Structures are given as structure tokens and as C-alpha cells.
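Enquirer: okay, here's the prediction I keep looking at, along with the sequence it came from:
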Amino acid sequence: MAQKPSIPKGTRDFNPEQVAKRTYIFNTIRNAFETFGFQPIETPSFENSETLMGKYGDEGDRLIFKILNSGDYLAKVDEHAYLQRDSLKLTSNISEKALRYDLTVPFARYVVQHQNEIEFPFKRYQIQPVWRADRPQKGRFREFYQCDADVVGSKSLWQEVEFIQLYDSVFSALKLEGVTIKINNRKILSGIAEVIGASDKLIDFTVALDKLDKIGEVKVKEEMLSKGISEEGISKLQPLFTLSGSFESQIASLKSILSASEEGTKGIEEVAFINEAISELGLNTATLQLDVTLARGLNYYTGAIFEVAAPKTVPMGSIGGGGRYDDLTGIFGLPNVSGVGISFGLDRIYLVLEELGLFPETVTKNIDVLFINFGEKEALFCLKAIKKLRSAGIRSELYPDADKMKKQMNHANKRAIPFVVLVGEEEVSSNSFTLKNMVSGEQFKVSFDGMLQHLK
RNA sequence: GUGGUUGUAGCUCAGUUGGUUAGAGCAUUGGUUUGUGGUACCAAGGGUCGCCGGUUCGAGCCCGGUCUUCCACCCCA
């Protein structure tokens, strides 16, 4: 037992069935991306540390996997930092590379680095694994796939409208109904902070507000107070806590709350514009919902913020997220390039589809027919037939050993192979095949053409 | 990173207040059946009880550490 090999926590092996199911999701998403006009790129699994560090906040830095320098990495460390056990300083000494934490920052780096080759607006998609040194939980892994689509070089709100349709399109294709696309706007949050006199505490304020549906109104207020937001300001928020009703009615009440804030009003107008367009265009299976408590990725989002919630029947964190970032490439030296994008969490979508039994039965690829092996002479006869079947597109194979029939039949059963072919001395001499249907148990002797007809 | 939780055969799990040689079902292998699978019956193989240490005459069981699982924080797909 002690010698039994294992894999690091938060990572997984995938068996053939799981790979087939994952491929099904990948293909569905990729198809939608391409239908919407996005082009694929790929970036390295690891980047220079300075590309990633400081882009996701302190919390994010902690969760980035650092790669130890090769060679005698201790030789070059700062003596003082080493003696002081200053991990932070030491890290930059002994590690110069880090595993990709998401796909957005590497994309921003890509855009800046290749700015002269790119035709803007640039619509790219990217499906690759990312790594986070997080503690695993259900639906949280340390290695998982993100499927991102982003547009850079356009400030048009039509992009936001397109992304909502893209979400709807993918989840409809996956037959996952009841998905909620939540939308908010950084400008609305800034506006609220402004109105309650807490502009300088925007992050603290939104982090607390974000927990509303989880810990409730009272605790949210407590947290805000403890972060130094005034009682008077919090009382101005009261209408926010009871905000409900249709998209339009929420917008109407927000308008009055935020009338004093120019930025907040701008945010409301944006959200209203998107909602009107979506109402006009319609969604197949998803629902668009305004959620002013939604506050993710504030380190770089500047406009729209998206988050996709799984159907309420499944306990699962968000299965997608995204937003607009007006100046992400600024940190890499290319200002004034606006971007907006969304991400699909493949691993979580998998868990949701599995739980709801939504994978089509056909996703698992299997062979169509197994030839039972009776011996050398028969095997060669079978392989000749198999060669012809394969060129006709029938997935077929010969059981490699002349084992007992029971064992070979069992093997066919275990693999749920629909047909077996039995060729013994008798069939060889009459140039025929005994084809057996493993589901019904029926079998009959046929010519090669007859067999081909049945298997097609 | 903080707090809690879990680990016994390939898989799912029993295992009494600490007491002989740690069990079951499923799976595997062989047989009843040498050209017919799924069903049934018979038999066999398979475990240093996650790992390291401690307490004890004696530990799967108690204690500490560690890894893993899941959960709540934090954060997030």
C-alpha cells in the first residue's frame, strides 16, 4: 500500500469514458467559439513570474504555482533574505517562472507582444489547463481547464451582447437548461460606493456585498462596518438589499439610488442597453439576470461583469465568468486597448452534466465488432475481413489470443461491444462468418457482404 | 494560508469497552460447460488496516505528526 503510486492533491487521471465526455464538452464549446468568429491561440503552460505576479491581488499571488530555478538555486539567493527567512523576497530569488494561473493575463501579454501582427478587433479563443495552489473542494481543482473567448480592440457594447448569446448558445447545445447568466457593472459598484461615501473602500465594500446571498443582510452590514464604512452610508444601501423584481424594475430603482453619481448612471445605462438588446434577440435556454451584488475579478474588470450559475438543482459554484477590462494590456505597456471576454469552467460543467445525466450515450467511442480468435489459421482469415471492414469505416478488431471462448465473449461483454464474429474451421472452409448480436443474442451465418450490410 | 473531516482487499463498506489467525458483497481466476457471453452453483487468490512515531503485556481501534479525501473560511472556474 505504501508503495502504491499516487498523484498530487487536486489533480486527476481521466479514463477513456471521462476523456470522451470531456472531449464532447470541448468540441461543443469550440464549435460555438468558431461559429461566433473566434480564432484559437495557445500560450505556454508557464510564464515568467513577473508576467503573472501582482496581476491577481495578494491572494492570487499566493495561489500561483512557482517553478524552482534549475541548478544550484540557493547559490544566488540574497544572504539577508535567507537569514531573515523572508519567503517573499526569497521566492523571487529562487523562482523565475510560474505556472499559468488563468488564460486572460497570458492573453494580454500575447496581445502586447504581438501587437503589430494582430488585426484588431482581435477575437481569440483558448482552451488550455491552468493551475492554482488552492485547497481542493468539490468542483475545485489545482489543475483544471478554462475555455476562454475574448475580444480586444473594441469598446462596443455589442460585444457584451454577443458574449451573452455565446453563453446561451453553448449551454443550449449541451442541453443544460436553467442556467442563469448574471450581469453587473463595475461602474454601478463604483457609483454605489461613491454615493455612500466609500469610494476609497470599493474593494472592501464589494467583497462584503458579494456575500449577501450567502451570509445575509445583517452579517454583510457588520462586515461593512468593520471595514470602516459609515453607518450613515450603509443605511443608504437599504434599497439595495431588497432589490428584486424584473430586470427593468431593478434598473429603475437603481437609477434613483445612483442619480447623484455620474459613473453609476453610466453603468446603469450600459446594463440597460445590453438587456434591451438581449430582450430583442432572445435567449434559447439561459436567463439573464441583473445582480448588483456580483463583484468578481475587480482587480481588472472595469465595465460589465458576468458570472454563470448552474441550474439551482445542482450545488455548484459558478460554471463561467467574465467581464470587460478597459486597460489590461496597460500593465504590459500597451494602453487604451479595451477587452471583454468570458470563460467556461470545463471541469465544473462536466460535474453538472454528470449529475443531471446529460451526456449523450453516443459520446463513448467503442468498436463495432470483435472477432473471436480460434487459432492461427482462423485469425489470418479474420484479419483479411477486418482489413476490408476497416476500410469501409467499420471499427473492428481481432481478439489477440486464442483464449477460451468464455473469456473472449466476456471481454466483448465488458467492453459493451455490440457484435462479435465467430470464425472457426467450418466458416473458413465455407468462406462465411457467424455474426452474433450481443444484445439480442441472435446469430446467423453470412457472407462478407452480408456481414458488412449488418454492421453498417 | 486557518479550522474541521476522511482513509480497512481492485471497488463499496462492516469490524463490539483495546484481546487468538481482520470479514462481507461486487470484481478477478479456476471449475460445473474444450464453438457461445450476461444467470446460477462450487472453489481459490488477494490486506504490514494511508504512512511514520508514541502509549500499552497487547493497537485496525487510543495519542502525536504527515499525506490524502471531503467541508467551512479566504478566494475562485
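Expert: Great, that's in hand. Computed from a prediction, not measured in an experiment: that's the story for all the values here. Numbering: from 1, shown residues only, chains lettered A, B, ... in the order given.

Enquirer: quick one: residue A:250 and RNA strand B, what's the gap?
Expert: Residue A:250 sits at a distance of 22 Å from RNA strand B (criterion: Cβ to the nearest atom of the strand, to the nearest Å). For the C-beta atoms, the positions are set from N, CA and C on the backbone; glycine is no exception.

Enquirer: in contact with the closest residue to that residue other than its chain neighbours, which residues?
Expert: Spatial nearest neighbour of residue A:250, excluding adjacent residues (Cβ to Cβ, 6 or more residues apart in numbering): residue A:290 at 5.0 Å. Contacts for residue A:290 (Cβ atoms under 8 Å, 6 or more residues apart in numbering) come out as A:182, A:183, A:184, A:247, A:250, A:251, A:271, A:275.

Enquirer: the fourth one touches residue A:287, doesn't it?
Expert: Just to be clear, that refers to residue A:247. No - counting by Cβ atoms under 8 Å, residue A:247 sits too far from residue A:287 to count as a contact (9.8 Å).

Enquirer: those two: which has the busier surroundings?
Expert: More crowded of residue A:247 and residue A:287, by other Cβ atoms under 10 Å: residue A:247, with 19 against 14.

Enquirer: doesn't residue A:359 lie inside a helix?
Expert: No - per DSSP: H, G, I helix; E, B strand; the rest coil, residue A:359 lies outside any helix segment and is coil.

Enquirer: right, and it touches residue A:22 too?
Expert: No - at 10.2 Å, residue A:359 does not count as touching residue A:22 under the criterion of Cβ under 8 Å.

Enquirer: for the nearest residue to residue A:261 once chain neighbours are set aside, helix, strand, or coil?
Expert: Leaving out its chain neighbours, the residue that sits closest to residue A:261 by Cβ to Cβ, 6+ apart is residue A:191, at 3.8 Å. The three-state label given to residue A:191 by three-state DSSP is helix.

Enquirer: what sits against the residue lying closest to residue A:76 once chain neighbours are set aside?
Expert: Distances taken as Cβ to Cβ, 6+ apart place residue A:93 nearest to residue A:76, at 6.3 Å, with adjacent residues excluded. Residue A:93 makes contacts with A:73, A:76, A:77, A:78, A:81, as judged by Cβ under 8 Å, 6+ apart.

Enquirer: so which of the residues you listed reach RNA strand B?
Expert: Residues of these in contact with RNA strand B (Cβ under 7 Å from any atom of the strand): none.

Enquirer: and of these, the nearest to residue A:384?
Expert: Closest approach to residue A:384 among the contacts of residue A:93 (Cβ to Cβ): residue A:73, at 60.3 Å.

Enquirer: hang on, the earlier thing: kindly reformat the contacts of residue A:93 as TSV containing neighbour count and pLDDT.
Expert: Formatted as TSV, the contacts of residue A:93 follow (neighbours: other Cβ atoms under 10 Å; pLDDT from 0 to 100):
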residue	neighbour count	pLDDT
A:73	13	80
A:76	10	76
A:77	16	79
A:78	14	79
A:81	16	76
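
Enquirer: for the residue most central in space within chain A, which non-adjacent residue is spatially closest?
Expert: With distances taken as Cα atoms, centre = their mean, residue A:345 lies nearest the centre of chain A, 2.1 Å away. Excluding its sequence neighbours, the residue lying closest to residue A:345 (Cβ to Cβ, 6+ apart) is residue A:319, at 5.1 Å.

Enquirer: then residue A:113?
Expert: Per Cβ to Cβ, 6+ apart, closest to residue A:113 is residue A:332, 7.8 Å.

Enquirer: looks like the one you found contacts residue A:110 (just checking).
Expert: No - checked against Cβ under 8 Å, the pair residue A:332 and residue A:110 is beyond contact range at 9.5 Å.

Enquirer: next, count neighbours for residue A:228.
Expert: So residue A:228, with other Cβ under 10 Å, has 11 neighbours.

Enquirer: can you name the element that comes right after the helix or strand bottoming out on mean pLDDT in chain A?
Expert: One helix or strand of chain A scores below all others by mean pLDDT, DSSP states H and E: helix A:79-83, with a mean of 77. Counting by DSSP states H and E, the next helix or strand C-terminal to helix A:79-83 is helix A:87-94.

Enquirer: buried stuff in that following helix?
Expert: A:90, A:91, A:93, A:94 (16 or more other Cβ atoms under 10 Å).

Enquirer: next, count neighbours for residue A:163.
Expert: 25.

Enquirer: still on that earlier bit, what pLDDT does the residue nearest to residue A:345 get?
Expert: Reading off the confidence values, residue A:319 has pLDDT 92.

Enquirer: for it, give me its contacts.
Expert: Residues near residue A:319 by Cβ under 8 Å, 6+ apart: A:179, A:308, A:309, A:310, A:344, A:345, A:348, A:349, A:352.

Enquirer: residues from the stretch 351-456 of chain A in reach of RNA strand B?
Expert: So the stretch 351-456 of chain A meets RNA strand B at A:374, A:404-407, A:409-410, A:412-414, A:422-427, A:434, A:436, A:438-439, A:441, A:443 (Cβ under 7 Å from any atom of the strand).

Enquirer: give me the buried entries from those.
Expert: A:374, A:409, A:412, A:422, A:423, A:427, A:434, A:436, A:438.

Enquirer: mind checking which of those residues are in strands?
Expert: When DSSP state E defines the strands, the subset of these inside them is A:422, A:434, A:436.

Enquirer: list just the nearest of the residues you listed to residue A:149.
Expert: Using Cβ to Cβ, residue A:436 is the member of these that lies nearest residue A:149, at 48.0 Å.

Enquirer: and the residue lying closest to residue A:132 once chain neighbours are set aside, how many residues sit next to it?
Expert: Distances taken as Cβ to Cβ, 6+ apart place residue A:63 nearest to residue A:132, at 4.7 Å, with adjacent residues excluded. Neighbour count for residue A:63, taken as other Cβ under 10 Å: 16.

Enquirer: confirm that residue A:397 sits in a helix.
Expert: No - read with three-state DSSP, residue A:397 is strand and lies in no helix.

Enquirer: thought it was touching residue A:386?
Expert: Yes - using Cβ under 8 Å as the test, residue A:397 is close enough to residue A:386 to be in contact (6.9 Å).

Enquirer: who's more crowded, these two?
Expert: residue A:386 (19 against 16).

Enquirer: can you tell me the element that one falls in?
Expert: In the assignment (DSSP H and E), residue A:386 maps to helix A:376-391.

Enquirer: buried ones in that helix, by neighbour count?
Expert: Those would be A:378, A:379, A:381, A:382, A:385, A:386, A:389, for helix A:376-391 by 16+ other Cβ under 10 Å.

Enquirer: and if you look at stretch A:347-361?
Expert: A:347, A:348, A:349, A:350, A:351, A:352, A:353, A:356, A:359.

Enquirer: now those residues in CSV, with distance to residue A:135, pLDDT and secondary structure?
Expert: Formatted as CSV, the buried residues of stretch A:347-361 follow (distance: Cβ to Cβ, whole Å; pLDDT from 0 to 100; DSSP: H, G, I helix; E, B strand; the rest coil):
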residue, distance to residue A:135, pLDDT, secondary structure
A:347, 16, 91, helix
A:348, 16, 91, helix
A:349, 21, 93, helix
A:350, 20, 91, helix
A:351, 17, 89, helix
A:352, 21, 90, helix
A:353, 25, 90, helix
A:356, 26, 86, helix
A:359, 28, 88, coil
